[in-house]
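Q: Fold the following.
(2 chains)
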There are 2 protein chains.
Amino acid sequence: MIRFKNSVIARTNLGKPSRVIVAGHIDTVPVADNAQAVLISKDGKLPSDGSSVSEDVLFGIGSCDMKGGVAVAFRAAATIENPQFDVTYIFYECEEIESSRNGLTLIAAEHPEWLTADIAVLLEPSNANIEAGCQGTLRANISTSGKRAHSARSWLGENAIHNLNAILETLNSYEPAKVLIDGLEYREGLNAVSISGGIAGNIIPDQALVEVNYRYAPNKSGADAEQHIRDTFKDFTVEFSDNAPGAMPGLDRPALADLVSRVNGQVAPKFGWTDVARFSAMGVPAVNLGPGDPGLAHSRNEFVPVSQLQKCEETVFSWLRG
Amino acid sequence: MIRFKNSVIARTNLGKPSRVIVAGHIDTVPVADNAQAVLISKDGKLPSDGSSVSEDVLFGIGSCDMKGGVAVAFRAAATIENPQFDVTYIFYECEEIESSRNGLTLIAAEHPEWLTADIAVLLEPSNANIEAGCQGTLRANISTSGKRAHSARSWLGENAIHNLNAILETLNSYEPAKVLIDGLEYREGLNAVSISGGIAGNIIPDQALVEVNYRYAPNKSGADAEQHIRDTFKDFTVEFSDNAPGAMPGLDRPALADLVSRVNGQVAPKFGWTDVARFSAMGVPAVNLGPGDPGLAHSRNEFVPVSQLQKCEETVFSWLRG
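A: Got it, this is the predicted structure:
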């Protein structure tokens, strides 16, 4: 067992013919009045919006994304003494922020040998089934310009904030693609994630911008995705700030067949970018398999059903035990 | 002559049948590489951007707003021994910042009698002509809401930034009123001065807002102006942060007629808010009459033409001497 910066790695060395990685990130998004974990019984009400739940759930930030999955991996590491593979457990920091601080990035830079394996399983929320591959994600700043003036004589200037209108219209009329790969439908998305502009309360501003996040199907390269954004916003200044291509599902690889069989072939596409792509880029086929509805990740209503914690544990334990 | 905090007041007491106030603020906006006053001859170049000037000008911060006007008032106070009115000269602090620190506010709180007069002339830049009254100004936050979600599954949320589109459309199609009062056309304006929204690069935000600045004609009350903004943005949440009503020109008042005649009736509306509104609210009709182009106030290129200093001095001197 090794602590490396704020990540923890534990490896078995049993001389097994193959090695798998079981990994989860240990950070969460910022708190939204949901720092306290609470067990809510069936028909009880969520503390967030008072809606009732149809089964026993564990409520609180990170319960779904992805401390539920991390809990399953902790129990596996503590319980399974003689797995059918050698196992590398990785509990890593900073998946939720920029890639340069991601625990896997930091490990890969200094100890890439710790990340070698035949396949990797990330316990990202996927309703306790397999979500294969992942979509790419890029961020870009789309900006407008204008001419600065005193707001009491606005006709002498040109308002860069008013000019943002055309960018928002483009976003509102955008039809995201749906792309079929290995029988899985990847749903793309193009959204504003921030907007800013303004100098002072009495000045017509000469600059403003919208930051967009494009989620793209795994058969597009990073360069393809950037070209698509340049084409979509061809009348504006476009600056890319971040781009992480996705990962193809790779379900045809033999190493994944054992795991797929244990969820009765229930495989869905992963819409969110996950570190599956990072493993894939390092040549390690990877899938997401964790408890929780990915749609609840980052929401104020975040919870994980107890039944999914149990189902995920059964799947992972049976697979590791063989 | 009285020093009151950082303002200076000088009053004649000659037993004249009427009293006028001649006033100017002595602070400037922050320096922008233009602290050194420089006399630039015709066809010379400005130190700021190297552009050339078509007549002799005095360059430097505050030259236009409003040390040029203050210089005229200083010379009047020092030179004119027997004016046709009793005169109160007021050189006051902190016009450029929040109202609570404004020298006139401070004087009015403790010595309102020092501010009584038949009319007041502010030497605010108005190209050495009269700019009468002033427009009101209010600021409001117009906000949208949505539903927070992970940006990889944006169809589960509703993007508050995308919803700003309707606010910007309203601003872009807004036709500001032009209001005729005493023969002067007051040009209103409704503009975004800031825009903001966004939580993180992977979250569909549930809140966003545009701060607007409404410049309104002096025949509207503050309450009228707020109602107009509520009506204009009736589909959105509106919160007011600031509201200062304008001042009617009052050119029909006999006390102003003598002054207007000395600029050959050259009277324009004042678009920006000035302390004319403060005098007006105290029952003292007031006008702006100072050297300099108000469009240069607060700019890096700030200067005042020497010819306007002379013209303003001639007007003010002839009026005070009678």
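
Q: do stretch A:67-82 and chain B meet?
A: No. Stretch A:67-82 lies out of reach of chain B by CB under 8 Å from any CB of the partner chain, never closer than 15.7 Å. Where C-beta positions appear, they are placed from N, C-alpha and C, glycine not excepted.

Q: Identify each buried residue in the longest helix along chain A, please.
A: In chain A, assigned by DSSP state H, the helix with the most residues is helix A:306-321. Along helix A:306-321, these residues count as buried under the neighbour rule (16 or more other CB atoms under 10 Å in any protein chain shown): A:Val306, A:Gln308, A:Leu309, A:Lys311, A:Cys312, A:Glu313, A:Thr315, A:Val316, A:Phe317, A:Trp319, A:Leu320.

Q: Equivalent analysis for stretch A:33-44, please.
A: For stretch A:33-44, by 16+ other CB under 10 Å, it's A:Asn34, A:Ile40.

Q: now it, how far from the centre of its chain.
A: 23 Å (CA atoms, centre = their mean, to the nearest Å).

Q: Kindly state the beta-bridge partners for the residue of the stretch 1-150 of chain A found nearest chain B.
A: Nearest to chain B in the stretch 1-150 of chain A, going by CB to the nearest CB, is A:Arg139, at a distance of 5.5 Å. Beta bridges link A:Arg139 to A:Asn213, A:Asp242, judged by DSSP bridges.

Q: what sits against it?
A: By CB atoms under 8 Å, 6 or more residues apart in numbering or on different chains, the residues touching A:Arg139 are A:Val193, A:Glu211, A:Val212, A:Asn213, A:Tyr214, A:Phe240, A:Ser241, A:Asp242, A:Asn243, B:Gly201.

Q: Touching, the fifth one and A:Ala225? I think so.
A: In other words, A:Tyr214. Yes. The pair formed by A:Tyr214 and A:Ala225 meets the contact definition of CB atoms under 8 Å, at 6.1 Å.

Q: quick one: common contacting residues for those two?
A: Here A:Tyr214 and A:Ala225 have A:Leu138 as joint contacts, going by CB under 8 Å, 6+ apart.

Q: So what's the residue count around A:His162?
A: Counted with other CB atoms under 10 Å in any protein chain shown, residues neighbouring A:His162 total 24.

Q: Repeat that for the one 3 residues further on.
A: Close neighbours of A:Asn165, defined as other CB under 10 Å, add up to 20.

Q: before we move on, which element is it in?
A: helix A:165-173 (DSSP states H and E).

Q: Who are the packing partners of that helix?
A: Secondary-structure packing of helix A:165-173 (3 or more CB pairs under 8 Å, 6 or more residues apart in numbering or on different chains; DSSP states H and E): strand A:136-145, strand A:189-197, strand A:207-216, helix B:165-173.

Q: Quickly note the distance from A:Ala257 to A:Ala128.
A: According to CB to CB, to the nearest Å, A:Ala257 stands 19 Å off from A:Ala128.

Q: On the three-state scheme, A:Glu95 is what?
A: Three-state call for A:Glu95 (DSSP: H, G, I helix; E, B strand; the rest coil): coil.

Q: Identify the residues contacting it.
A: A:Glu95 neighbours (CB under 8 Å, 6+ apart): A:His25, A:Asp27, A:Asn102, A:Gly103, A:Leu104, A:Asp275.

Q: I'd guessed the last one sits against A:Leu104; true?
A: Yes. Using CB under 8 Å as the test, A:Asp275 is close enough to A:Leu104 to be in contact (5.6 Å).

Q: where do the contact lists of the two overlap?
A: Common neighbours of A:Asp275 and A:Leu104, counting by CB under 8 Å, 6+ apart, are A:Ala23, A:Glu95.

Q: ok so, going back, for the helix holding A:Asn165, list every residue counted as buried.
A: Residues of helix A:165-173 classed as buried by neighbour count (16+ other CB under 10 Å): A:Asn165, A:Ala166, A:Ile167, A:Leu168, A:Thr170, A:Leu171.

Q: neighbouring contacts of the helix or strand bottoming out on mean pLDDT in chain A?
A: Ranked by mean pLDDT, DSSP states H and E, the weakest helix or strand in chain A is helix A:254-262, scoring a mean of 81. The contact list for helix A:254-262, computed with CB under 8 Å, 6+ apart, reads A:18, A:118-119, A:121, A:130, A:250-251, A:267, A:285, A:287, A:289, A:315, A:318-319.

Q: Now go through those residues and say which are in strands.
A: Among these, the residues falling in strands (DSSP state E) are A:Ile119, A:Val121, A:Ile130, A:Val267, A:Val287, A:Leu289.

Q: Now the closest residue to A:Ala37 other than its chain neighbours. Its backbone dihedrals?
A: With sequence-adjacent residues excluded and distances taken as CB to CB, 6 or more residues apart in numbering or on different chains, A:Ala37 is closest to A:Gly60, at 3.7 Å. With angles defined as degrees, to the nearest 10, A:Gly60 sits at phi 140, psi 160.

Q: in the stretch 151-300 of chain A, which segments are predicted with low confidence?
A: For the stretch 151-300 of chain A, the stretches flagged by pLDDT under 70 are A:253-255.

Q: bridging residues for A:Asp86?
A: Beta-bridge partners of A:Asp86, counted by DSSP bridges, are A:Arg19.

Q: my guess is it meets A:Val22, correct?
A: No. Using CB under 8 Å, A:Asp86 is not in contact with A:Val22; the gap is 11.2 Å.

Q: With neighbour numbers in mind, choose between those two.
A: A:Val22 (26 against 17).

Q: Contacts only, for that one.
A: A:Ala73, A:Ala76, A:Ala77, A:Val87, A:Thr88, A:Tyr89, A:Ile90, A:Ala120, A:Val121, A:Leu123, A:Val316, A:Leu320.

Q: picking that back up, how far off centre is the least confident helix or strand of chain A?
A: Relative to its parent chain, helix A:254-262 has a centroid offset of 23 Å by CA atoms, centre = their mean.

Q: buried stuff in stretch A:102-121?
A: Quick answer for stretch A:102-121 (16+ other CB under 10 Å): A:102-108, A:114-115, A:117-121.

Q: could those be laid out in JSON lines, adding distance to chain B and pLDDT?
A: Shown next, in JSON lines, are the buried residues of stretch A:102-121 (distance: CB to the nearest CB, whole Å; pLDDT from 0 to 100):
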{"residue": "A:Asn102", "distance to chain B": "13", "pLDDT": "94"}
{"residue": "A:Gly103", "distance to chain B": "17", "pLDDT": "95"}
{"residue": "A:Leu104", "distance to chain B": "17", "pLDDT": "95"}
{"residue": "A:Thr105", "distance to chain B": "17", "pLDDT": "93"}
{"residue": "A:Leu106", "distance to chain B": "20", "pLDDT": "95"}
{"residue": "A:Ile107", "distance to chain B": "22", "pLDDT": "95"}
{"residue": "A:Ala108", "distance to chain B": "22", "pLDDT": "93"}
{"residue": "A:Trp114", "distance to chain B": "27", "pLDDT": "95"}
{"residue": "A:Leu115", "distance to chain B": "24", "pLDDT": "95"}
{"residue": "A:Ala117", "distance to chain B": "25", "pLDDT": "93"}
{"residue": "A:Asp118", "distance to chain B": "27", "pLDDT": "89"}
{"residue": "A:Ile119", "distance to chain B": "23", "pLDDT": "91"}
{"residue": "A:Ala120", "distance to chain B": "20", "pLDDT": "94"}
{"residue": "A:Val121", "distance to chain B": "19", "pLDDT": "95"}
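
Q: That concludes my questions; thank you for your assistance.
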